[in-house]
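*Asks:* Just a sequence and a predicted model for now, questions to come.
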Amino acid sequence: MKVLFAHGFEGVPNGRKPRFLREALGYEVIAPHMYANGWRFEDQVLVLLDALDADPDIRLAVGSSMGGFAMAAAAARRPDRDLRVLLMAPAVGLHAVWSEQLGDEAMSMWAEMGSLQYYHQGVGREVMLPYALWTQCRDAADVVLTHPTIIIHGLHDETVPVENALALAKRSPGVRALYAVADGHRLLDSLPLMADAARRLAEV
């Protein structure tokens, strides 16, 4: 089966999750650089839409963290596409987390300056995050999933509250199951469950 994988905000295309899908399940995995077009949320969504539109054989869309959020948004824009979706700790509602972490003063400065300097571990250097990243995450936070979808989220997620995933599942008619597991945001102890969920979606 051909899979489109979207890595997280500070992830890389050849991280543990896409490698696991290749090695454990034998899937053909397409994993683009999510920040290839820029740092706005919309830039990441467009990376995924371009990949989906270029390859009609992609049947499973998997996303982790910010990549899961972007994958949900991309899938919502292709409601008629024959697609299954697997989201690992999707970062839906991350804008609210950032607002709380940064505080009012820093958020106001980000808005006023138009960008925020940030050391990005994935690329190993300082980058300038546009304020549009935050506004676009905010505007997409009510995304609804209609494709057959499974969500896996850690009960001990230190980045995105599990309640965000529960709310996403509740409003989305496509969600077949949500697994709230004893794991953190990276879900590295839940790779076998990811494989099981992928197999289950492949049978839909």
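*Replies:* Received it, and whenever you're ready, just let me know what you need. No experiment lies behind these values; they were computed from the predicted model shown.
*Asks:* Closest to the centroid, which residue in the protein?
*Replies:* Gly68 (1.5 Å; C-alpha atoms, centre = their mean).
*Asks:* Hmm, that residue is touching Leu94, no?
*Replies:* No. Proximity of Gly68 to Leu94 does not meet the contact threshold set by C-beta atoms under 8 Å, at 10.4 Å. C-beta here means a position set from N, CA and C on the backbone, and glycine is covered the same way.
*Asks:* And Gly174, how far from Ile58?
*Replies:* 17 Å (C-beta to C-beta, to the nearest Å).
*Asks:* cool, Gly15 as well?
*Replies:* For Gly15, the distance to Ile58 - C-beta to C-beta - is 19 Å.
*Asks:* With Glu100 instead?
*Replies:* On the measure of C-beta to C-beta, Glu100 and Ile58 end up 36 Å apart.
*Asks:* neighbour-wise, which of the two wins?
*Replies:* Ile58 (21 against 9; other C-beta atoms under 10 Å).
*Asks:* show me what contacts that one?
*Replies:* Lys2, Val3, Leu4, Ile30, Ala51, Leu52, Leu83 (C-beta atoms under 8 Å, 6 or more residues apart in numbering).
*Asks:* Identify, from those, the entry nearest to Ala73.
*Replies:* Leu52 (11.9 Å; C-beta to C-beta).
*Asks:* now the helices: where do they sit in this protein?
*Replies:* 16-25, 41-54, 66-76, 94-113, 131-139, 162-171, 191-202 (DSSP state H).
*Asks:* All good on my end, thank you.
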